[in-house]
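1. compute the structure for the input listed below.
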Amino acid sequence: MTGAARAEHGALRAGGYEIVLALLVVSLVIGAVVPTRAAALSAALLAAGLWFGVAHAASVDPTVRRTGVVVLGAIVVTAGAGLVFDSEVLSSAADLAIAVAVAAVALVIGRGVARDRVVTLATILGVVCLYLLIGLFFAQAYLGVRDFDSGAFSAPIGTLARFDLIYFSFVTLTTVGFGDIVPAVDLTRALAATEAVLGQLFLVTVLARVVSMLGQERLSR
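-> Predicted structure coming up:
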């Protein structure tokens with residue numbers, strides 16, 4: 001690939017990841033403004049938007065792109081059914097399915113970033129998106145567990161809403177640990193410990209390394 005073509009490719013990738021990053025930021029605050037009953041549906045719709053943004057940014061194979069659309073369409077339908085029928089089971093299933101979808105989006109971005117021969121702004125944006133996706137994945141996992149076990153967390157505010165667990169996830173990811181929400185069973189404790197370790201390792205290894213190599217060409221394996 002010539003320098004001009006590579007630069008053009010990087011510009012397209014950067015533009016795509018800017019959309020993904022914007023959608024991720026929206027997903028962090030959407031729970032604060034969307035009614036609790038509609039939260040799963042809004043998260044499913046945002047996951048669909050993330051997939052379209054990532055498919056553009058990482059030049060996903062058309063077959064994989066269509067498969068993702070079908071799967072996310074099924075998740076949106078499940079979340080919508082949970083809203084219409086006021087079903088905790090359907091909403092919980094949608095939350096756990098969204099967690100899997102978020103992991104798939106992270107995998108696509110990770111593969112796209114790994115293929116970059118030259119570390120560009122697009123590469124850094126992709127890595128930042130990966131960091132936020134880690135927090136969003138665990139938030140969805142916490143929500144799915146909470147729906148099945150109302151005692152999975154303890155907090156002075158009582159029943160935890162979607163935004164409360166998104167907030168808890170990112171507080172845990174950054175190891176701030178305010179202590180206002182506490183995992184109360186072994187599964188949520190294990191998830192929180194795993195998230196905290198992953199968050200710190202990601203910052204001090206992957207993100208720090210990629211930023212330090214901005215503009216440099218990585219060696220071929």
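
2. now the strand or helix carrying Leu132: how far from the chain's centre is it?
-> Here Leu132 sits within helix 121-148, counting by DSSP states H and E. The gap between where helix 121-148 is centred and where its chain is centred comes out at 3 Å by Cα atoms, centre = their mean, to the nearest Å.

3. cool, and stretch 180-190?
-> For stretch 180-190 - counting by Cα atoms, centre = their mean - the centre lies 20 Å from the chain centre.

4. again, but for stretch 131-150
-> Computed by Cα atoms, centre = their mean, the separation of stretch 131-150 from the middle of its chain amounts to 10 Å.

5. could you do stretch 146-159 as well?
-> A distance of 22 Å separates the centroid of the chain from that of stretch 146-159, by Cα atoms, centre = their mean.

6. what's the average pLDDT for that stretch?
-> Taken as a whole, stretch 146-159 has an average pLDDT of 84.

7. C-alpha coordinates for it, CSV please?
-> Once non-C-alpha atoms are left out, stretch 146-159 reads as follows in CSV (Å, rounded to 0.1, in the frame of the first residue of the first chain):
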residue,chain,number,x,y,z
ARG,A,146,-28.7,-8.7,38.8
ASP,A,147,-31.9,-9.6,36.9
PHE,A,148,-31.5,-13.3,37.9
ASP,A,149,-30.4,-12.5,41.5
SER,A,150,-31.6,-9.3,43.2
GLY,A,151,-29.1,-9.8,46.0
ALA,A,152,-26.1,-9.9,43.7
PHE,A,153,-25.2,-6.3,44.8
SER,A,154,-25.7,-4.4,48.0
ALA,A,155,-26.2,-0.6,48.1
PRO,A,156,-27.7,2.0,50.4
ILE,A,157,-30.0,3.2,47.6
GLY,A,158,-31.8,-0.1,47.4
THR,A,159,-32.8,-1.4,44.0
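
8. show the subsequent helix or strand relative to the strand or helix carrying Leu41.
-> The secondary structure element spanning Leu41 is helix 39-57 (assigned by DSSP H and E). Reading on from helix 39-57 to the C-terminus, the next helix or strand found by DSSP H and E is helix 62-84.

9. ok, back up a step: relative to helix 121-148, how tilted is the helix holding Leu41?
-> 160 degrees (axes from the mean of the first three to the mean of the last three Cα atoms, to 10 degrees).

10. hey, C-alpha coordinates of helix 39-57 in PDB?
-> What follows is helix 39-57 as a C-alpha-only set of coordinates in PDB (Å, rounded to 0.1, in the frame of the first residue of the first chain):
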ATOM      1  CA  ALA A  39     -33.300   0.500  29.200                       C
ATOM      2  CA  ALA A  40     -32.700  -3.000  27.700                       C
ATOM      3  CA  LEU A  41     -34.200  -2.000  24.400                       C
ATOM      4  CA  SER A  42     -32.200   1.200  24.300                       C
ATOM      5  CA  ALA A  43     -29.000  -0.700  25.000                       C
ATOM      6  CA  ALA A  44     -29.900  -3.200  22.200                       C
ATOM      7  CA  LEU A  45     -30.400  -0.400  19.700                       C
ATOM      8  CA  LEU A  46     -27.100   1.200  20.800                       C
ATOM      9  CA  ALA A  47     -25.400  -2.200  20.300                       C
ATOM     10  CA  ALA A  48     -26.800  -2.300  16.800                       C
ATOM     11  CA  GLY A  49     -25.400   1.200  16.200                       C
ATOM     12  CA  LEU A  50     -22.000   0.100  17.500                       C
ATOM     13  CA  TRP A  51     -21.900  -2.900  15.100                       C
ATOM     14  CA  PHE A  52     -22.700  -0.700  12.100                       C
ATOM     15  CA  GLY A  53     -20.000   1.800  13.200                       C
ATOM     16  CA  VAL A  54     -17.400  -1.000  13.700                       C
ATOM     17  CA  ALA A  55     -18.300  -2.700  10.500                       C
ATOM     18  CA  HIS A  56     -17.500   0.500   8.700                       C
ATOM     19  CA  ALA A  57     -14.300   1.300  10.600                       C
END
